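Colleague: Just need the structure, nothing else, for what follows:
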Amino acid sequence: MDLSIVQGFTKSLAMTVLSEIGDKTFFAAAILAMRHPRRLVLSGCLGALIVMTILSVVVGWAAPNLIPRKWTHHITTLLFLGFGLWSIWDAFKEGEAEDLDEVEKELNADIKSNVGEAKKSGKDADDTKKQSRPFLTRFFSPILLQAFSITFFGEWGDKSQIATIGLAADENPVGVVLGGILGQALCTTAAVLGGKSLASQISEKIVALSGGILFIVFGIQSFLSTVES
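Modeller: Residues are numbered from 1 along each chain as shown. Alright, predicted model coming up:
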């Protein structure tokens, strides 16, 4: 296997796992899995994260064709160093359970408003009811769509998405995609199967510190590496 693919895969996997464990979409998946069928929550959350990963890598892969390679390399270096310092700052600034409580409060209102509608979508729903439902819900479960939308928009503009774009601009995009998808699958599966109990036991401070150190290591490595023309 090409060494560049292995390097992109390894970096992407490590970055994704340390970025996603304990973030808001991780907590959202854990809470949703407590209230809805796990297979639907897992499918929706993982589907959104895979789509987001592929989109991010495509943007990162295209960037060197629009901006000189030298500039994308320097931008990536600054992003890694900046995110590393940001993660370390967050580790000492915020409390451990704040994100979990915040996400649970945000989801409660939305879930309660959709419970009635979800119960009505039984197997014996007639054609008239199907026609009155939104287009996508005729083909996909409302729970799956809810998990997909919450995760997708929760990840949009997130630190891990921007870091993936930067990584894809500097590493082999195939390796970044494979590593990112595997990392997302591991984190999402752990959140869905472990539920809220797993999320509440995770030390966000340790994860944030580990992620911050990893970002800084990537930044230093990028700074010391040569830029391919």
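Colleague: my read: Leu79 touches Ala169, true?
Modeller: No - with contact defined as C-beta atoms under 8 Å, Leu79 does not reach Ala169; the gap is 9.4 Å. The way it works is simple: take the backbone N, C-alpha and C, and place the C-beta from them, glycine included.
Colleague: Now stretch 38-50: buried residues?
Modeller: Within stretch 38-50, the residues that qualify as buried are Leu40, Val41, Leu42, Ser43, Gly44, Cys45, Leu46, Gly47, Ala48, Leu49, Ile50, counting by 16 or more other C-beta atoms under 10 Å.
Colleague: okay, those residues in a markdown table with pLDDT next?
Modeller: What follows is those, written out as a markdown table (pLDDT from 0 to 100):
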| residue | pLDDT |
| --- | --- |
| Leu40 | 90 |
| Val41 | 90 |
| Leu42 | 92 |
| Ser43 | 92 |
| Gly44 | 92 |
| Cys45 | 92 |
| Leu46 | 92 |
| Gly47 | 93 |
| Ala48 | 92 |
| Leu49 | 91 |
| Ile50 | 93 |
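Colleague: Mind picking the one among those residues that's closest to Lys93?
Modeller: Lys93 lies nearest to Leu49 out of those, by C-beta to C-beta, at 26.2 Å.
Colleague: Arg35 and Leu46: what is the separation?
Modeller: Applying C-beta to C-beta, to the nearest Å, the value for Arg35 to Leu46 is 18 Å.
Colleague: returning to that earlier point: of all the buried residues of stretch 38-50, which comes closest to Trp86?
Modeller: Using C-beta to C-beta, the buried residues of stretch 38-50 come closest to Trp86 at Leu49, 21.1 Å.
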